[in-house]
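Undergrad: build me a model:
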Amino acid sequence: MFQRLLSHIPPGQFFRYLLVGVWNAAFGYAMFVLFTYLLSGWWPRYGYIPGGLLASVFSITVAFFGYKLFVFKTKGNYLREWLRCMAVYGSCIAIGFVILPGVVFLIRHSTAIDAKAPYIAAALMMGFNAIYNFLGHKKFSFRERGEA
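TA: Okay, here's the model as predicted:
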């Protein structure tokens, strides 16, 4: 089954995706930590929510160029692909806005962790985000004209 799934991915593409994904995950998480820290003075318990939004929007464009130029290697169509990339990431952000507060709540109420709960919750969600985004970019953002 795993081999059948991989047969739809050109050789090297998944590895390149993982490289860009690891970079983007680290970069995006660093932006999340930075913005959450900066906004915690204004919203002590909930600064992670606008911090997550700002970090996501900022890191999407960085990810877009990595995926376009290094992973999917598409030509032209910068605006269309960037808008599609924003749509994929935007839907992922929307899902995160629904799920992240619940995960933070569960961590805070099932463990002794309080202040660091948003950071742990965001790290846990990165696995889901990686799979969701790869499929969205492969099938929508960077698909070739003839693909459906």
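Undergrad: now do the contacts for the residue nearest the centre of the chain.
TA: In the chain, the residue lying closest to the centroid (Cα atoms, centre = their mean) is Asn129, at 5.1 Å. With contacts taken as Cβ atoms under 8 Å, 6 or more residues apart in numbering, Asn129 has the following neighbours: 25, 92, 96. C-beta: built from backbone N, CA, C; applies to glycine.
Undergrad: helix, strand or coil: sort out it for me.
TA: Each residue gets one of three states, and Asn129 gets helix by DSSP: H, G, I helix; E, B strand; the rest coil.
Undergrad: do the same with Pro44
TA: Put simply, Pro44 is coil when judged by three-state DSSP.
Undergrad: count of residues packed around Pro118?
TA: Summarising burial for Pro118: neighbours were counted as other Cβ atoms under 10 Å, giving 27.
Undergrad: can you show me the helices along the chain?
TA: 2-6, 13-39, 48-66, 78-110, 117-136 (DSSP state H).
Undergrad: if we can go back for a sec, which one (most neighbours) among the contacts of Asn129?
TA: Neighbour counts for the contacts of Asn129 peak at Gly96, which has 22 neighbours (criterion: other Cβ under 10 Å).
Undergrad: apart from its neighbours in sequence, what residue is nearest that residue?
TA: Nearest in space to Gly96, with sequence neighbours left out and distances taken as Cβ to Cβ, 6 or more residues apart in numbering, is Met125 at 6.3 Å.
Undergrad: rewinding a little: just the helices of the chain: most buried one?
TA: Across the helices of the chain, the average number of neighbours (mean count of other Cβ atoms under 10 Å) peaks for helix 48-66, which reaches a mean of 19.
Undergrad: distance of Ala115 relative to Ile95?
TA: The span separating Ala115 from Ile95 equals 25 Å under the rule Cβ to Cβ, to the nearest Å.
Undergrad: same question, Gly12
TA: Between Gly12 and Ile95 the distance is 29 Å, computed by Cβ to Cβ.
Undergrad: which non-adjacent residue is nearest Met31?
TA: Taking Cβ to Cβ, 6+ apart, and ignoring the residues beside it in sequence, Met31 has Ala55 as its nearest neighbour in space, at 3.7 Å.
Undergrad: fine by me, thanks again.
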